[in-house]
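**Student:** Here's my sequence, what's the structure:
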Amino acid sequence: MEWEALRTLDAGSWFADKYSACRIPTLLDMLQRYRGKIHLHLELKSKQADLPQVVHAALEASGWLSDLGEQRTSNDAHGQEGAGVRQPCGTVPGLTLTSFHLTQLISSTKLLPGVPHGWLVQEMSDDVLREAQEAGLSQLCPRVDACSPEAVAHALAQGFSVRGWGVKKPELLLRAVSCGMQGATVDWPDKALDALKQSP
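**Tutor:** The predicted structure follows:
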């Protein structure tokens, strides 16, 4: 189906009738709408060789890269060497790129060397840590139910941040917290917030 047909489809009523007017946004639409408002975790999902270049172009066209550059310059001016875009996941505005495909991450780090890149993996073996270090990555994203506090502590000691995936229920979110992860991907942020508030 061509994009001109796709963009007319109802993308919201499956969630609630009040969203029936919602249409599928392009990446550029989304970047422009949320510029300066969020820390964006953007996943490079496919193996298409030009995907990192396409994403870089959209980030540049939307103004995201200039915003992050201004933030880095401001922090450097205040004596915070190495700050700016290399800040914790909660930094707003902020950007982190992730992928299951190491080759895509390597290509993207060459285009966006100051932006954190995270490798989505099944588990954090010594080989995974070594490959991530060699690729210049700053974040590892293991499957939560295959992780342990010891594995997270080891990755943190190697200088990585750790953010989990595969969190399909609140119990797994609490497991991510108990393992010492610094973040996790969920499809239900409202329930996740409630679970975190109710946890000890």
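
**Student:** For residue 19, see how far away residue 154 is.
**Tutor:** Residue 154 sits 43 Å away from residue 19, going by Cβ to Cβ, to the nearest Å. C-beta coordinates here come from the backbone N, C-alpha and C atoms, glycine included.

**Student:** The helix or strand residue 68 falls within - what's its average pLDDT?
**Tutor:** Using DSSP states H and E, residue 68 maps to helix 64-77. Averaging pLDDT along helix 64-77 gives 67.

**Student:** Report the distance from the helix or strand just after it to the chain centre.
**Tutor:** Where DSSP H and E defines the elements, the next helix or strand beyond helix 64-77 is strand 94-99. Put simply, strand 94-99 sits 4 Å off its chain's centre (Cα atoms, centre = their mean, to the nearest Å).

**Student:** Tell me which other helices or strands strand 94-99 touches.
**Tutor:** strand 39-43, helix 64-77, helix 102-111, strand 117-121, strand 139-142 (3 or more Cβ pairs under 8 Å, 6 or more residues apart in numbering; DSSP states H and E).

**Student:** buried set for the fourth one?
**Tutor:** Think strand 117-121. Using 16 or more other Cβ atoms under 10 Å as the test for burial, strand 117-121 gives 117-121.

**Student:** Which of residue 154 and residue 19 has more residues huddled nearby?
**Tutor:** More crowded of residue 154 and residue 19, by other Cβ atoms under 10 Å: residue 154, with 15 against 12.

**Student:** got the contact list for that one?
**Tutor:** Applying Cβ atoms under 8 Å, 6 or more residues apart in numbering to residue 154 gives the contacts 124, 129.

**Student:** hmm, 7 Å instead?
**Tutor:** Going by Cβ atoms under 7 Å, 6 or more residues apart in numbering, residue 154 touches no other residue.

**Student:** do residue 179 as well
**Tutor:** Contact analysis of residue 179 by Cβ under 7 Å, 6+ apart lists 147-149, 152.
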